[in-house]
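Participant: sequence below, structure please.
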Amino acid sequence: MFFQKPSDQAHRITTVQAPIGGLNVRDSLSAMPESDAIVLNNWWPQPYGLTMRHGYQEWSTGLGDTVSTLATWVSVNGTEKLLAWAGEDVYDASTRGVIGAPIVTGLNSAFWCSTSIVNSAGSHLIAVNGLDNGICYDESGIHRLTAGDGVTAYTWAVLDPKDAMHLTVHQHRLWAVKINSAIAYYLPTDAIYGTWNAFDFGASFSRGGYILYVATWTINDYSGTRDLFVAVSSEGQVVVYSGTDPDNASTWALTGIFYVGAPVAGMRSFCKVGGDLFILTQQGIVSLADLLNASKAKDVDSAFKSNKIQFLISELVSTYADLSYWQLIYVPKINMLICNVPTLVDGGNMQIASNQIIDAWTQFSNMDAAVWCTYDSSLYFGDFKGRVLLAWEGNVDNVPLSGDGGTSITAVVQQAYSYMGSLGTQKQVGMYRPNLVVATPVIYNTAIQYDFEVSVIVPPDSVAIQTGNVWDSAIWGIDTWYGGTSNQRTWSQANGLGVAASICISLRANGEVLWVSTDYSHIQGGLL
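Facilitator: Prediction:
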C-alpha cells in the first residue's frame, strides 16, 4: 500500500507588486509577467505603482461646433497664444472663460495643419487645410496667405495656398505638400512667403500614392547630429533625404526608403519624441530611429514602440482607420505619448497612452477628444461640444468654468495571473488586500479570478469607503490627515481555487489614488 505525503497547506502570505508594466495584449495569459495587466483603463503606470489618471476641466466654452484643430503660437519673447478652429471660425482661446468673437470667419473646414517658423521678422504660425487661403499668425496679428506674385507680403507664387494641405519647417525652410500629389514645395530659407520650388517624390513611391505629410527626423550617427527630411506616402512608404539645400545635388541626397505600413486617416498620425520620429500605422507605432537600426539587424519587430499592445492597435486601426481625429502627440512635461482613437460611438473617443520613462501602456476613457495640443507646457483637448478643455488637471472630470462640481473618475484593472511562487500547484486565496495610498478613503469592488479567465467587474455606484465584503467591521487607519495621504489596506474574502490567481479592481474616486501592491493569504495544495 502506498501513502501520499500530505501537502503543506499552511497559510502563506505573498505580496505582488501592482502592474507597473502596463497593458499587455501580446503575451499568452499563462506566460504574461505578473507585473503586467490584462485589462487597464484610467490607470497611469509609474515606476512606483499605478496612479489613477488625472481629470479635466473646461477652459474655453461656446465655440459652437466641434473643436477640430488646436495650435500654439509662441512669440520670440515667450508670449503664448492658443488658437482653436471650430466650424467656420478661428478663435483666440488663450484665456480661460467663455470664448469671444472669432478672429477668422467663413472657412470651409476646421481641420487644419500648422507649423511655426522664426525669422528676423519674428515668430510666425502658418496653417493650411487644402481648401482655404492659408493663415499666418504673428506679432502683428492674423493675416491670410493668398496666391500672388510672392513679392507682396503674405502672397505665395507657384503654389496656391488653397492647395497646400500640410506644412513643416526643415533646415530653416518652410515646406508645403500639395493636396493629393507626390510633390512638395519649399521656400527660400527663413521665408514665410515668396516663390515656391517644387520637389517631386513620386519616383520614390514604388507603391504609388501621394504625400500624406512631411516632417524632420533628427539622428545622431558617425556624421554627428543631423536633421533628415521625411516624406510619408499614403501607402506607407517613408522617404528620407539628408542635406540642407534641395537645389544642390551635392548636399541633398536620398538616404533611404522604408515601408512602415499604411498610415491612418488624417495628417496627425506622427510626432517627434526627442530627436526620434514616431509614426502611427496599421501595423502599430513605429520609431524611425529603431527602424533604421532594425533594418541593419534585420529585426524590424523591435522598431514598433507599441509591441506590447500591437494587436490592440491593429484591431482599432482595422476598425476605424478611415475616421478622422486620429492623432499622435508627445507631452514632455509628463513623459506621455498619447494616441487618440476615434470611434463610431457618440462620446466614445478613447486614448492609448504610454509612460515613455518605463515604456508601459494603458487606456483612457471618458475623454471624448477630437484634437490634443500642449499650451504653456500643459495638455489641452478640444471636444465635440464646442469646448477647449484643460487636461491632466485635478482628480475629477468635466469640471465647469465655475470650478464647482465635476464627475468622479472610474478606473478598472485585471492584473496578469500570478502563480505565487509555485507553478502547477493548486492555490486557494483566503484573504487579499490591495495596498492603496489615498488622499481620502475610496470605494472599490474587487474579485479574484482563477486560471486565466478574463473579467471586468462592475464599478461601485458612489464615492465612499467600502463597507461590504470586508474582514471585520473596523478599518485600521481610516481617518485621513488633511493635506496629506493615508494608507488604505482592507482585507477582503476570496472564493474559489486554481493554479494561478488574478485580482480585478473597479474603483471610483475624486481624489488621488496610488496602488502599490496586493497581499494574498493563500493555502497551497498539491498537484491535481
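
Participant: neighbours around the residue nearest to T374 when sequence neighbours are not counted, how many?
Facilitator: Using CB to CB, 6 or more residues apart in numbering and skipping the chain neighbours, the partner closest in space to T374 is V331 (6.0 Å). The way it works is simple: take the backbone N, C-alpha and C, and place the C-beta from them, glycine included. V331 has 20 neighbours, counted by other CB atoms under 10 Å.

Participant: where does pLDDT dip in the stretch 151-300 of the chain?
Facilitator: Low-confidence segments of the stretch 151-300 of the chain, defined by pLDDT under 70: 221-224, 294-300.

Participant: quick one: the strands in it, in order.
Facilitator: Along the stretch 151-300 of the chain, the segments classed as strands by DSSP state E, counting those that start in this stretch run 155-157, 164-170, 173-178, 183-186, 194-195, 197-200, 211-221, 224-233, 237-243, 252-259, 270-273, 276-281, 284-287.

Participant: what is the burial count for S377?
Facilitator: Neighbours of S377 using other CB under 10 Å come to 10.

Participant: where does it fall, phi/psi-wise?
Facilitator: The phi/psi pair for S377 (degrees, to the nearest 10) reads phi 70, psi 0.

Participant: list the residues that contact it.
Facilitator: Applying CB atoms under 8 Å, 6 or more residues apart in numbering to S377 gives the contacts K333.

Participant: what pLDDT does it get?
Facilitator: As predicted, S377 sits at a pLDDT of 94.

Participant: do the same with I475
Facilitator: On pLDDT, I475 comes in at 37.

Participant: low pLDDT regions in the stretch 401-528 of the chain?
Facilitator: Using pLDDT under 70, the flagged stretches of the stretch 401-528 of the chain are 462-483, 526-528.

Participant: about what we covered before: and the gap between the residue nearest to T374 and N398?
Facilitator: Going from V331 to N398 by CB to CB, to the nearest Å gives 20 Å.

Participant: likewise D322?
Facilitator: To N398, D322 is 29 Å away according to CB to CB.

Participant: nearest residue to P102 in space, please, no chain neighbours.
Facilitator: Using CB to CB, 6+ apart, the closest residue to P102 is D89 (3.6 Å).

Participant: and I313, which helix or strand is it part of?
Facilitator: helix 310-320 (DSSP states H and E).

Participant: show me how far that helix is from its chain's centre.
Facilitator: Remark: helix 310-320 is offset 15 Å from the chain centroid, using CA atoms, centre = their mean, to the nearest Å.

Participant: same check, this time on stretch 447-466
Facilitator: Chain-centre distance of stretch 447-466: 26 Å, with CA atoms, centre = their mean.

Participant: equivalent analysis for stretch 360-376, please.
Facilitator: For stretch 360-376, the distance to the chain centre is 6 Å (CA atoms, centre = their mean).

Participant: got it, and stretch 19-35?
Facilitator: A distance of 20 Å separates the C-alpha centroid of stretch 19-35 from that of its chain, computed with CA atoms, centre = their mean.

Participant: before we move on, the earlier item: who has more neighbours out of D322 and N398?
Facilitator: Taking other CB under 10 Å, D322 and N398 do not tie; N398 has more neighbours (17 against 11).

Participant: I figured that one hits Y56, correct?
Facilitator: Yes: in terms of CB atoms under 8 Å, N398 counts as a neighbour of Y56; the distance is 6.8 Å.

Participant: hmm, back to that, the strands of the stretch 151-300 of the chain: which one's closest to G64?
Facilitator: Of all those, strand 164-170 sits nearest to G64, with 24.9 Å by CB to CB.

Participant: what pairs with the closest one, and is each one parallel or antiparallel?
Facilitator: strand 173-178 (antiparallel) (DSSP bridges).

Participant: run the chain-centre distance for the partner strand.
Facilitator: On CA atoms, centre = their mean, the centre of strand 173-178 falls 26 Å from the chain's centre.

Participant: got it, and stretch 235-253?
Facilitator: 30 Å.

Participant: which of the residues in that stretch are classified as buried?
Facilitator: Using 16 or more other CB atoms under 10 Å as the test for burial, stretch 235-253 gives E235, G236, Q237, V238, V239, V240, Y241, S242, G243, P246, W252.

Participant: just the helices in the stretch 351-500 of the chain please.
Facilitator: Under the criterion DSSP state H, counting those that start in this stretch, helices are not mapped anywhere in the stretch 351-500 of the chain.

Participant: that older thread, export the strands of the stretch 151-300 of the chain to TSV and tack on distance to G421?
Facilitator: Formatted as TSV, those follow (distance: least, CB to CB, whole Å):
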stretch	distance to G421
strand 155-157	69
strand 164-170	53
strand 173-178	57
strand 183-186	59
strand 194-195	70
strand 197-200	62
strand 211-221	44
strand 224-233	48
strand 237-243	47
strand 252-259	45
strand 270-273	38
strand 276-281	38
strand 284-287	34
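
Participant: out of the ones you listed, which gets nearest to N41?
Facilitator: strand 284-287 (19.1 Å).

Participant: hmm, who's touching the closest one?
Facilitator: For strand 284-287, contacts defined as CB under 8 Å, 6+ apart pick out 260-261, 276-280, 303-307, 310, 313-314, 328, 337, 339.

Participant: any idea how far T146 is from L159?
Facilitator: Applying CB to CB to T146 and L159 gives a distance of 12 Å.

Participant: okay, those two: which has more neighbours?
Facilitator: In this view T146 and L159 are compared by other CB under 10 Å, and L159 has more residues nearby, 23 against 15.

Participant: residues contacting the more buried one?
Facilitator: A176, K178, Y185, W196, A198.

Participant: again, only this time at 10 Å
Facilitator: 128, 147, 150, 176-178, 183-187, 195-198 (CB atoms under 10 Å, 6 or more residues apart in numbering).

Participant: mind checking which of these are buried?
Facilitator: 128, 147, 150, 176-178, 183-187, 195-196.

Participant: and W85, how far from G148?
Facilitator: W85 is 24 Å from G148, where distance means CB to CB.

Participant: meant to ask about G97
Facilitator: In terms of CB to CB, G97 sits 38 Å off from G148.

Participant: out of the two, which sits in the busier spot?
Facilitator: Each of G97 and G148 has its neighbours counted (other CB under 10 Å); G148 has more, 15 against 12.

Participant: so who does the nearest residue to the more buried one once chain neighbours are set aside touch?
Facilitator: Counting by CB to CB, 6+ apart, G148 lies nearest to T155, which is 2.9 Å off, once chain neighbours are set aside. The contact partners of T155, taken as CB under 10 Å, 6+ apart, are R144, L145, T146, A147, G148, D149, P161, Y193, G194, T195.
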